[in-house]
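> Sequence and computational prediction follow.
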Amino acid sequence: MRNYTPLVTLLLIYAVMIAIGQGIQGMWQPIMLVIFYIAVGQALNIFLGMTGYVNFGYVALLGVGAYGMAVALGYYTDLGLIPALTLGFILAILLAFIVSMVVGGIALRLRGAYFAIATIGVNEGIKYLILGGKIWGGSSGIVLSGILRKAYGAETMRFLSTVFADAGLIVVAILSGVITMYILNSRLGYGLIALREDEDAAKVMGINVRRYKQIAFVISCILAGLIGATAWTLKLTYVFPQDVFAINYTVEAIVIVMLGGAGTLLGPVVGGLIYALLKYYLTIAFPGMQLLILAPLLIIVILLFPEGVVGYLAKAARGTRFEKFVR
Amino acid sequence: MVKNRWLLVAILVVSTALILGCAQEQQPTTPSGEGKVETLYFGAPISLSGKFAEEGKASLEGMKIAAKWINDHGGIKVGDVTYNIEIKAYDDESKKENVQSLIERLATVDNVKFILAPYSSGLTLAAAPIAEKYQVLLNSHGGASDYIFEQGYYYVVQTLSPASRYQTGFLDMVKAKDPDAKRLALVYEDGEFSRAVHEAAREYAKQLGFEIVYEKTYPAGATDLSPILNELKAANPDVLIGGGHFADGQLLAKQLAELKIDLKAISILVAPTFTSFYEALGNKAEGIAGPAQWEVGVKYSPEAAEKLGIEWYGPTQEEFLSAYKEAMGEEPPYQAAEAAAAVLSYAKAIEKAQSLDPAKVREAMNDLEFMSIYGVWKIDPETGKQIGHEMVIIQWQNGEKKIVWPESAANAEPCYPMPTWDEKEGGATCGS
Amino acid sequence: MAFVEQLISNLLYGAILGSVYGLATMGLSLIFGVLRIVNVGHGAFIMVGAFIAYWMFILYGIPPLISLFLAIAVGMAIGLAIYMLVVKRLVDAPELASLLAMFAIGIFIEEFAKQIWGADYVGYSWEIGGVSMLFTEVPFTKLLAFASSIVIAAVVYVWFRKTKIGKAVRAVVEDREGATTCGIDVSRIYALSFSLGIGLTVLSGVLVTLFTPVGINVYMGGEYTLKAFVIAVLGGLASPWGAFYAGFIFGLIENGSYTLLGLIPGVEPFGLTRFLSSVVLMLVLLVKPTGLLGGE
């Protein structure tokens, strides 16, 4: 039974968010922060949520995506704006693809927590390769705003770093949602969920477990690369290795997926909303104390709603006419 | 039926949470009426948690002291209206995404036109495109890197000395004290800031005739520098410059002592300017120098300003010190002074421009020059880069942090060459 | 000649540092081995130990070696409290839930520590001299860190091998259900192992400051968390002994490879040593997914 109706809920939420962001003064950046967190959660969810495997190296994929775009715009500026941007997206995808194939090829042979901890070295490895090997400017990073301004003019630069970057991120976020929905409805999705519940049984049933995991891993990683390219390189107009290969983003993404409900379509959206808004308002209300408050809240949520908010709602909505809208 | 409402509830919760944010405090700051007293907000996304928490707190306190001084001394007068300054600060958690949201919130919800940039070059760079978008001024008091001002942002100005000037004063000092000390080594953290500082210093050193005998970096977070230091020892340098932030600066000094690498002079970034440096190292810190944007005891005063023919503005050093001590219970680090100077520069420029329009204030900044506790404030009109302010070199002497360079600001002679590690083991200090 | 001398000096320091790393990873491996919980908040507990050493020295002049006892006591108490309040409810929950809970606990400890101790970088000077050995100078404090790591690891080893309760813990690691049927009270073993794991981690924080007595800060743990994870995998993840040996190997690789990588022109060898340890990790997993010393 194919069911794409939860996408209606998803698009509705995005529409409301964009309307709020555009309609109310000062809400656009906070909305973009929320969408960034949603996107990060959504892309991670495709792998983590569906397989139950934790990818600690996740942020490294955002990092290489960010570098792909930065290298194209910074080193191939002369190609012209559209070709350089296109190259940027291609490089972001390509780098993410290569990293995910290599890491997946090695680490996906491991089960459960072994996999999680094995991937923790990935982020550090890539960061120190760039730093130690002095690749792409090493620790000096790539600073783009001056280059872009000179090459394409101030107006274009401003357009790139505000309108285009934000639009790009929204597209990637929605795309991640659509792909999630597609996978949930496909053979791949059924296979993945089977292996999440019981990997050995799935194997016995003739599911090619390794291949399924690898596909989900690569898709998740490429989307992460695109998030890095839009939300970081284009929006911030600079890339520093210490800055993009920061492990806390991985953990934040996991928190979002868990809060919302792993393996659901709407989970990362709800998780991202709760997480980002909670943090944003705690920041304003209790400067410097927000993490101290957030941490116990998180523990309480884990203890009370182990399957996440959407997991809980989906259960609650079962058998009602809302059932097909929540997943 | 009860269950059917869950979805509705969820959507409602989400939307109300979002809308709540906008209902909060819409502050009108439009000038009106005659002889009126109004409040003018300066916005500050500043790090109260995360890796820049320490610097952020000091900066915020500096801003508050400066704002209070302005308010106690008649506020800012624009036409008939007197403005009292208030600092509107939010915690950015030392994270780039938060900085962008907060800048927008300040520029739109809080209707702030003058923003004090977040701490560090990276975060200042993240803030710049958003500030430029809303055409609000961004005054960098903690973002030293030169490249911020090479990107062509018009609304971004700098109050502190740029990174390229951090270690140059020390090299001048060594050259003046001992023209024969030629063998220079550089050991620094592989980070964007310390690399910018030391690459500029290396080129400057070559001009001064130093010979670079060793240059290596270590990664942030290193807990053992012995591989580098063993090599350094073999290179037999006279003088060392290096460091990066807090922890690594302390570690560098500690391991130089442990490995008994004697040098005539050492200058380390950031770490030595903090009292905790001496507390951590004891008398091993004796003679270690470091660049500072500002230091307690620096000789900037209304009299010094008069001598130079520049206007003085802001609290005197005594006033600033006692206010900071009262609030924080300790002496102010330089972050407090540079943030205070940024606030003062806004006040001064607004009064000069007689307008709250950021474009006019930015224009007024072009030929603004004044002295405060922090020293001279003057920017390059083209880039917004700070050119008036001078760094000072501090050195630990007999358990006290002394200013030893430049001579015009110094309150002590440089201790040169510094005592050897063996002498220090025997209790030697600078000046004993 | 200089090359060989430096290589030997680096290996010496690498071995000392490695012993500290090894001990700092044992607690992580113990908790994972027994409870299958990934303690992503690991570094926060190391930080607590470092501050215990610092405050005892600064306030009362108590040398860090004595603080070791206090540290393990405090650590075990914290560990037991966390187990009772949170972990107990999560033992059978999916990995992800406990992982996240440990992350939140780690953050809470760091932020709480910041409220009471501030965000300053501090350090202490316990000056007891040093000795020239193998072309370099080694302070006695570092040698003490080395010796205590080995002694503590040995004590834990003997405790596991020879005592009844230690054997029970090992039985649970081997086979949870089997242990239950043999009449072992698994929940008690869980509580003990978690508390001991945290205790060892806090204790290792004291040793960390013996090696690096400066730069002590509430956020210092992150660096050690990452290293501990890499070391734990190298050592087979579920085995505290494997972790201890792997710590040595890690220290030797990190410091020893510096001299070799320095031969490559135009790079930053120190940064590349960190890259190399990630490569080694990947290679080990490729060849032997159970870790270098796994299967014990």
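Alright, I've got the coordinates. Numbering: from 1, shown residues only, chains lettered A, B, ... in the order given.
> Could you report the separation of residue C:2 from chain A?
22 Å (CB to the nearest CB, to the nearest Å). All C-beta atoms are positioned from the backbone trio N, CA, C, and that covers glycine.
> wait, what's in contact with that residue?
Counting by CB atoms under 8 Å, 6 or more residues apart in numbering or on different chains, residue C:2 touches residue B:234.
> cool, residue A:120 as well?
Per CB under 8 Å, 6+ apart, neighbours of residue A:120: A:56-57, A:247, C:226, C:229-230.
> What of residue A:220?
Applying CB under 8 Å, 6+ apart to residue A:220 gives the contacts A:43-48, A:55, A:58, A:100.
> buried stuff in stretch A:296-304?
For stretch A:296-304, burial by neighbour count (16 or more other CB atoms under 10 Å in any protein chain shown) applies to A:298-299, A:301-302.
> Which of those sits closest to chain B?
residue A:301 (14.7 Å; CB to the nearest CB).
> what's the closest non-adjacent residue to that closest one?
In this structure, residue A:301 finds its nearest non-sequential neighbour in residue A:259, 6.2 Å apart by CB to CB, 6 or more residues apart in numbering or on different chains.
> How about residues contacting the helix or strand containing that neighbour?
In the assignment (DSSP states H and E), residue A:259 maps to helix A:248-260. For helix A:248-260, the external contacting residues (CB under 8 Å, 6+ apart) are A:37-38, A:40-41, A:43-45, A:48-49, A:54-59, A:62, A:123, A:266-272, A:274-275, A:298, A:301-302, A:308-310, C:40, C:96-97, C:99-100, C:103.
> Distance from that helix to the middle of the chain?
The chain centre lies 10 Å from the centre of helix A:248-260; the measure is CA atoms, centre = their mean, to the nearest Å.
> tell me, what residue is most central in the chain?
I went with chain A, as the question did not name one. Centroid-nearest residue in chain A, with CA atoms, centre = their mean: residue A:40, separated by 2.2 Å.
> I was thinking of chain B, sorry if that wasn't clear
Note: chain B centre (CA atoms, centre = their mean) maps to residue B:142, 3.9 Å.
> and it, which of the three is it?
coil (DSSP: H, G, I helix; E, B strand; the rest coil).
> Confirm for me that it is in contact with residue B:57.
No. Contact between residue B:142 and residue B:57 fails when scored by CB atoms under 8 Å: they sit 12.0 Å apart.
> Contact partners for residue C:37?
With CB under 8 Å, 6+ apart, residue C:37 has these contacts: C:31, C:87, C:90-91, C:95, C:98-99, C:102, C:194.
> from those, which single one is nearest residue A:84?
residue C:99 (40.2 Å; CB to CB).
> Is the closest residue in space to the closest one that isn't next to it in sequence in a helix, a strand, or coil?
Spatial nearest neighbour of residue C:99, excluding adjacent residues (CB to CB, 6+ apart): residue C:38 at 4.9 Å. Assigned with three-state DSSP, residue C:38 falls in the coil class.
> quick one, helices of the stretch 101-250 of chain C?
Applying DSSP state H, counting those that start in this stretch to the stretch 101-250 of chain C gives helices spanning C:140-162, C:164-174, C:176-181, C:186-211, C:221-234, C:240-261.
> wait, residue C:84 sits on residue C:191?
Yes. Using CB under 8 Å, residue C:84 is in contact with residue C:191, at 7.5 Å.
> Which one's more surrounded, those two?
Neighbour comparison, residue C:84 and residue C:191: the larger count goes to residue C:191, with 18 against 13 (by other CB atoms under 10 Å in any protein chain shown).
> can you pull the contacts of the more buried one?
C:80, C:83-84, C:88.
> repeat that with 10 Å
Residue C:191 sits next to C:35, C:79-80, C:83-84, C:87-88, C:185 when contact means CB atoms under 10 Å, 6 or more residues apart in numbering or on different chains.
> where does the stretch 1-150 of chain B have low pLDDT?
B:1-34 (pLDDT under 70).
> rerun at 50
B:1-5, B:7-8, B:11-12, B:14-33 (pLDDT under 50).
> hey, where'd the helices end up in it?
Using DSSP H, counting those that start in this stretch, helices in the stretch 1-150 of chain B cover B:5-23, B:53-72, B:96-107, B:121-134.
> among those helices, which is the most enclosed?
helix B:96-107 (a mean of 27; mean count of other CB atoms under 10 Å in any protein chain shown).
> Contacts only, for residue 54.
All of this refers to chain A. Residue A:54 sits in contact with A:44, A:47-48, A:112-113, A:115-117, A:119-120, A:250, A:254, A:257, C:38, C:40, C:95-96, C:99-100, where contact means CB under 10 Å, 6+ apart.
> wrong one, I was asking about chain B
Each residue near residue B:54 by CB under 10 Å, 6+ apart is listed here: B:47-48, B:119, B:246, B:274, B:276, B:333, B:335, C:114, C:118-121, C:217.
> Which one of the residues you listed is nearest to chain A?
residue B:48 (3.3 Å).
> And that closest one, how close does it get to residue C:106?
Between residue B:48 and residue C:106 the computed distance is 20 Å (CB to CB, to the nearest Å).
> And residue C:72, by the same measure?
Taking CB to CB, one finds residue C:72 at 19 Å from residue C:106.
> Quickly list the domain ranges of chain B.
For chain B, the structural domains run B:37-161+B:299-377, B:165-292+B:391-425, going by automatic domain parsing.
> which stretch in the helices of the stretch 101-250 of chain C is the model least sure about?
Here the lowest mean pLDDT among those goes to helix C:176-181, at a mean of 80.
> Quickly check: that helix near chain A or not.
No. Judged by CB under 10 Å from any CB of the partner chain, helix C:176-181 makes no contact with chain A; its nearest approach is 14.5 Å.
> how far out from the middle of the chain is that helix?
Using CA atoms, centre = their mean, the offset of helix C:176-181 from its chain centre is 29 Å.
> Quick check: buried residues in that helix?
C:176, C:179.
> Show me what that helix is packed against.
In terms of contacts (3 or more CB pairs under 10 Å, 6 or more residues apart in numbering or on different chains; DSSP states H and E), helix C:176-181 is packed against helix C:164-174, helix C:186-211.
> How about residues contacting the first one?
It refers to helix C:164-174. In contact with helix C:164-174 (CB under 10 Å, 6+ apart) are residues C:30, C:32-36, C:156-161, C:163, C:178-180, C:182-186, C:188-190, C:192-193, C:196, C:238-240, C:296.
> just the buried members of those residues?
C:30, C:32-36, C:156, C:160, C:179, C:184, C:186, C:189-190, C:192-193, C:196, C:238-240.
> in what helix or strand does residue 15 lie?
Just so you know, I chose chain A. Using DSSP H and E, residue A:15 sits in helix A:6-23.
> let's do chain C instead
helix C:2-35.
> Does chain A have contacts with the very next helix or strand once past that helix?
Per DSSP H and E, helix C:2-35 leads on to helix C:42-60 as the next helix or strand towards the C-terminus. No. Helix C:42-60 stays clear of chain A (CB under 10 Å from any CB), getting no nearer than 10.6 Å.
> Which neighbouring elements make contact with helix C:42-60?
helix C:2-35, helix C:64-85, helix C:95-117, helix C:186-211, helix C:221-234.
> what's the third one packed up against?
Same thing as helix C:95-117. helix A:112-118, helix A:248-260, helix A:290-304, helix C:2-35, helix C:42-60, helix C:64-85, helix C:221-234.
> Identify each of the strands in the stretch 251-400 of chain B and give its residue range.
For the stretch 251-400 of chain B, the strands defined by DSSP state E, counting those that start in this stretch cover B:265-269, B:288-292, B:311-312, B:370-372, B:375-377, B:392-397, B:400-405.
> Make a markdown table from these and add mean neighbour count and mean pLDDT to it.
Output for the strands of the stretch 251-400 of chain B, formatted as a markdown table (neighbours: other CB atoms under 10 Å in any protein chain shown; pLDDT from 0 to 100):
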| stretch | mean neighbour count | mean pLDDT |
| --- | --- | --- |
| strand B:265-269 | 27 | 96 |
| strand B:288-292 | 28 | 95 |
| strand B:311-312 | 16 | 94 |
| strand B:370-372 | 25 | 94 |
| strand B:375-377 | 24 | 93 |
| strand B:392-397 | 27 | 95 |
| strand B:400-405 | 22 | 92 |
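> That's all I had, so thanks and see you.
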